[in-house]
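> What follows is a protein structure lacking sequence information:
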């Protein structure tokens with residue numbers, strides 16, 4: 001349901017159905033169907049399956065482990081050849097069901113890094129980070145922080161948080177969106193337990209954190225997730241945390257937590273209003289003026 005919500009957001013923003021298929025990985029047939037249906041008002045996948053009578057027993061499910069073993073040995077093996085091998089193993093069902101299962105299990109290609117650069121108002125990235133700080137008194141404290149950045153303008157917001165729970169994520173995300181003055185089409189997240197609880201090998205989330213999911217629905221946010229151990233896809237999210245550490249926490253000295261908060265306020269003004277972004281050569285606040293017109297309420 002949260003993926004359907006993302007499709008709805010992109011369609012409302014004026015993307016063509018083919019573009020939505022490319023951006024979300026959802027088939028064109030499904031995009032066409034979602035476009036004709038009522039807006040998503042809940043994210044209870046189990047209730048929706050029951051309502052639509054989705055999930056009747058399938059013969060092919062009994063061969064899932066066998067198919068997984070085949071794909072682990074040869075990820076690019078054609079589906080027709082997989083069908084032949086599974087039938088030799090005793091499968092008597094249709095090819096459509098098997099092809100659908102193979103498609104859900106086959107590892108997906110890595111998304112290009114340019115995907116995350118985006119147009120004004122299209123993407124933002126969000127992640128938790130932590131760093132150990134030694135105050136001038138000699139006391140050492142582990143600081144948790146939540147960082148957000150608009151991809152087009154590079155306008156950044158960072159908040160010190162007490163923990164990395166879903167409540168901290170939702171509260172600080174809402175605060176950062178409020179600072180920007182609006183919501184981009186898609187928010188790109190790392191894949192912590194605060195976001196996704198379970199997922200398949202191919203990256204499809206099978207169970208969202210319910211608090212996170214309902215908050216995204218309430219705020220009208222389309223969600224994109226990054227995979228761990230895929231630097232080409234996830235690199236920019238990790239670089240956001242690394243940038244905050246290297247340009248603030250690790251180059252400044254702090255008397256105490258109050259001094260840290262004061263310096264963080266000053267640093268926000270410096271990186272957004274005084275220092276041109278290395279990637280664009282332009283002050284983030286200048287590009288934010290262009291981007292803010294494309295942010296949604």
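Arrived safely, thanks for sending. None of these values were measured; they are calculated from a predicted model. Numbering: from 1, shown residues only.
> Provide a list of residues in contact with the closest residue to residue 199 other than its chain neighbours.
Leaving aside its sequence neighbours, residue 199 sits nearest to residue 205 (C-beta to C-beta, 6 or more residues apart in numbering; 4.7 Å). The way it works is simple: take the backbone N, C-alpha and C, and place the C-beta from them, glycine included. Counting by C-beta atoms under 8 Å, 6 or more residues apart in numbering, residue 205 touches 2-3, 196, 198-199, 225.
> Repeat that for residue 186.
When contacts are counted by C-beta under 8 Å, 6+ apart, residue 186 touches 6, 9-10, 23, 122-124, 221-224.
> Name the member of the contacts of residue 205 with the most neighbours.
Most neighbours among those, by other C-beta atoms under 10 Å: residue 196, with 22 neighbours.
> For that residue, what are phi and psi?
Main-chain torsions, residue 196, degrees, to the nearest 10: phi -120, psi 130.
> How about the contacts made by it?
Residues near residue 196 by C-beta under 8 Å, 6+ apart: 205, 207-209, 225.
> swap in residue 247?
Residue 247 makes contacts with 267, 271, as judged by C-beta under 8 Å, 6+ apart.
> try residue 8
Per C-beta under 8 Å, 6+ apart, neighbours of residue 8: 34, 39-40.
> Of those, grab the buried ones for ChimeraX.
A single ChimeraX command is used to select the members of these judged buried by 16 or more other C-beta atoms under 10 Å:
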select :34,40
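> With distance to residue 148, pLDDT and secondary structure added, can I get the contacts of residue 8 in CSV?
Compiled in CSV, the contacts of residue 8 are given as follows (distance: C-beta to C-beta, whole Å; pLDDT from 0 to 100; DSSP: H, G, I helix; E, B strand; the rest coil):
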residue, distance to residue 148, pLDDT, secondary structure
34, 28, 93, helix
39, 26, 89, coil
40, 24, 89, coil
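> Looking at the contacts of residue 8, which one is closest to residue 78?
residue 34 (29.3 Å; C-beta to C-beta).
> Could you say which helix or strand holds the closest residue to the closest one other than its chain neighbours?
In this structure, residue 34 finds its nearest non-sequential neighbour in residue 7, 4.9 Å apart by C-beta to C-beta, 6+ apart. Secondary structure from DSSP states H and E places residue 7 in helix 2-12.
> for residue 285, same thing?
helix 284-292.
> likewise residue 131?
According to DSSP H and E, residue 131 maps onto strand 123-134.
> which neighbours does that strand have in its sheet, and in what orientation?
strand 140-150 (antiparallel), strand 186-189 (parallel) (DSSP bridges).
> possible to save those strands as JSON lines with distance to residue 297 and mean pLDDT?
Below are the strands paired with strand 123-134 laid out as JSON lines (distance: least, C-beta to C-beta, whole Å; pLDDT from 0 to 100):
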{"stretch": "strand 140-150", "distance to residue 297": "16", "mean pLDDT": "96"}
{"stretch": "strand 186-189", "distance to residue 297": "15", "mean pLDDT": "92"}
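> Out of those strands, which gets nearest to residue 59?
strand 186-189 (36.3 Å).
> How is this protein divided into domains?
Following automatic domain parsing, one finds the domains of the chain at 2-105, 113-292.
> Deepest-packed of those, please.
Among those, domain 113-292 has the highest mean neighbour count (mean count of other C-beta atoms under 10 Å), at a mean of 17.
> Give me the distance from that one to the chain's centre.
Relative to the mean C-alpha coordinate of its chain, domain 113-292 is positioned 12 Å out (C-alpha atoms, centre = their mean, to the nearest Å).
> Residue 21: what's its closest spatial neighbour, skipping adjacent residues?
Distances taken as C-beta to C-beta, 6+ apart place residue 28 nearest to residue 21, at 4.8 Å, with adjacent residues excluded.
> What distance do you get for that neighbour to residue 17?
Going from residue 28 to residue 17 by C-beta to C-beta, to the nearest Å gives 6 Å.
> just checking, residue 149 touches residue 124?
Yes: counting by C-beta atoms under 8 Å, residue 149 does reach residue 124; the two are 6.5 Å apart.
> Please enumerate the strands of the chain.
123-134, 140-150, 156-161, 186-189, 196-199, 205-208, 222-225 (DSSP state E).
> Ramachandran coordinates for the nearest residue to residue 166 once chain neighbours are set aside?
Closest residue in space to residue 166, ignoring its immediate chain neighbours: residue 194 at 4.1 Å, by C-beta to C-beta, 6+ apart. Note on residue 194: its backbone torsions stand at phi -70, psi -20 [degrees, to the nearest 10].
> Now do the contacts for residue 194.
164-166, 168-169, 209, 212.
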